[in-house]
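Chemist: Next come a sequence and a model predicted from it.
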Amino acid sequence: MEKVSMEELIDELIAYIDSCKATPFSAGKVSVPKEDFLAQLEELKLEIPSEVERSKEIVARKEMIIQEAQAKADGMINSAAKEAGLMIDENEIVALANMRADEIIKNAKKQAADILDQAQEEAEGIQLGAMQYTSSMMAGLENMFQTLFENQKEQLETMVEGLGKNLDKIKSNRAEIETQLSLWTNAEVGEEPEEN
């Protein structure tokens, strides 16, 4: 049989009283069967100790949790206080640590400056190399264009000279044709009969 809690027993008792018959001519009073009512009260009475015991266990557990938390907090406080005491007692160690930290920072700054200088030198070397490479490339282009220019100039001069010769030849041929044409025309005019 499932165990019923004290709260459920009280609810059942209230429901039982509500279900009892009202007493005639008495407002608010009911007729309760004595045996049934006493049986329910007995069951409630039996449940009270276990409920009280359960409450005690809960309270005890709560106190134990509080005690454990308090002990833990006390331990943390004591540990922190001890650590603080050690720090206070170790001023010289702290001073040495600060000096060491300053030295580390100083060395780090020097290394950073050295790295920066080296990077600057490398960058300048790369820039110089790039400029030298570009100059070399430009020199190659200059030589190529100079050669092309000279070749084209020579070819152009040869072509102009050839054109001049052709022009002279054309002029000579035309002059010869003009002479022959003039002779031909005069000859034809001389052979025509005279009109009376």
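Modeler: Looks like it arrived, so ask away.
Chemist: And the host helix or strand of residue 95, what does it pack against?
Modeler: Assigned by DSSP states H and E, residue 95 falls within helix 91-191. Counting contacts by 3 or more C-beta pairs under 8 Å, 6 or more residues apart in numbering; DSSP states H and E, helix 91-191 packs against no other helix or strand. Yep, even glycine has a C-beta here, placed from its N, CA and C like the rest.
Chemist: List the residue ranges of this protein that fall below the pLDDT cut-off.
Modeler: Along the chain, segments meeting pLDDT under 70 span 1-4, 6, 26-27, 51-52, 81, 84-90, 141, 145, 189-196.
Chemist: one more time with 50, if that's ok
Modeler: For the chain, residues meeting the criterion pLDDT under 50 lie at 1, 193-194, 196.
Chemist: List the buried residues in stretch 157-165.
Modeler: Using 16 or more other C-beta atoms under 10 Å as the test for burial, stretch 157-165 gives no buried residues.
Chemist: oh sorry, the question was meant for stretch 118-134
Modeler: Of the residues in stretch 118-134, none is buried (16+ other C-beta under 10 Å).
Chemist: for it, the distance to its chain's centre please.
Modeler: 33 Å (C-alpha atoms, centre = their mean, to the nearest Å).
Chemist: Show residues contacting it.
Modeler: Contacting residues not belonging to stretch 118-134 are not present [C-beta atoms under 8 Å, 6 or more residues apart in numbering].
Chemist: Make residue 1 into 115 and carry on from there
Modeler: With the count now opening at 115, the last piece we talked about shows up as stretch 232-248.
Chemist: CA atoms only for that stretch - export them in CSV, please.
Modeler: Only the C-alpha atoms of stretch 232-248 are listed here, as CSV (Å, rounded to 0.1, in the frame of the first residue of the first chain):
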residue,chain,number,x,y,z
GLN,A,232,67.1,44.2,-39.6
ALA,A,233,63.7,44.4,-41.4
GLN,A,234,64.4,47.9,-42.5
GLU,A,235,67.8,46.9,-43.9
GLU,A,236,66.3,43.9,-45.7
ALA,A,237,63.5,46.1,-47.1
GLU,A,238,66.1,48.6,-48.4
GLY,A,239,68.1,45.8,-49.9
ILE,A,240,65.0,44.4,-51.6
GLN,A,241,64.2,47.9,-52.9
LEU,A,242,67.7,48.4,-54.2
GLY,A,243,67.7,45.0,-55.9
ALA,A,244,64.3,45.8,-57.5
MET,A,245,65.6,49.1,-58.8
GLN,A,246,68.8,47.5,-60.1
TYR,A,247,66.7,44.8,-61.8
THR,A,248,64.3,47.4,-63.3
